[in-house]
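Trainee: here is the input, now give the coordinates:
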Amino acid sequence: MMKKKITCLAALVAMGVSCGVYAADIDEQQLQEDETIYISGQVGIYNVVRSASDDGEGATAYTIEYRDQVKLPFRIRPVGSLMITSDDDWYLSVGVMRDVRVADPIILSGSFSAGLFHYGDKNVNLRNDLEFKSKIEAAYEFDNRMRLGVGFSHISNASLGTDNPGTEILSLNYTLPIN
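Mentor: I've put the predicted structure just below:
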């Protein structure tokens with residue numbers, strides 16, 4: 001029950017950020033950020049909710065994420081990522097995300113993506129090839145636009161499979177501007 005509440009809360013926050021619930025004036029700094037392409041490296045605890053209980057083990061998740069320039073309405077940017085775990089699972093996805101500067105230098109980001117999941121036969125079988133990921137991230141942005149933050153993600157098959165176990169990832173994120 002607690003897992004569902006955490007998942008619902010994370011999804012609602014990510015949707016709110018992505019849809020632009022936060023309204024801010026467009027300033028020169030925001031316009032510059034919209035034209036920035038980012039690469040994000042992430043290391044985290046895969047299956048963090050189950051590994052904190054007594055019914056499962058966690059693994060390490062390594063993710064590389066490409067965050068393109070803003071070209072979509074509502075300042076939403078395309079995003080693509082590849083996650084590989086120490087359990088030999090992998091997840092390749094594409095989606096959308098939105099950054100919101102809540103207070104200089106703090107940025108909240110929300111994203112939603114869909115992708116292909118490969119089960120590595122060790123820990124979490126998500127029971128479907130097509131999986132969906134929602135993510136919320138809070139980051140500190142340095143003067144050179146590099147970011148250091150934490151993220152929380154949920155991956156599940158949205159009940160498209162025979163079972164929908166889902167998994168969560170708690171990650172440390174280091175994001176670099178590349179243009």
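Trainee: can you map out the strands along this structure?
Mentor: Secondary structure of the chain (DSSP state E): strands at 38-46, 59-67, 77-85, 90-103, 106-118, 130-141, 147-156, 167-177.
Trainee: of all those, which one is nearest V124?
Mentor: Of all the strands of the chain, the one in closest proximity to V124, counting by CB to CB, is strand 167-177 (4.8 Å). Where you see a C-beta, it was placed from the backbone N, CA and C, and this is true even at glycine.
Trainee: just the buried residues of the closest one, please?
Mentor: T167, E168, I169, L170, S171, N173, T175, P177 (16 or more other CB atoms under 10 Å).
Trainee: how about TSV for the residues you listed, with pLDDT and distance to S134 added?
Mentor: Conversion of these to TSV gives the following (pLDDT from 0 to 100; distance: CB to CB, whole Å):
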residue	pLDDT	distance to S134
T167	87	12
E168	92	10
I169	94	11
L170	96	14
S171	98	14
N173	98	15
T175	98	18
P177	96	24
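Trainee: including distance to N144, could those residues go into a markdown table?
Mentor: Output for the buried residues of strand 167-177, formatted as a markdown table (distance: CB to CB, whole Å):
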| residue | distance to N144 |
| --- | --- |
| T167 | 34 |
| E168 | 31 |
| I169 | 27 |
| L170 | 26 |
| S171 | 22 |
| N173 | 16 |
| T175 | 11 |
| P177 | 8 |
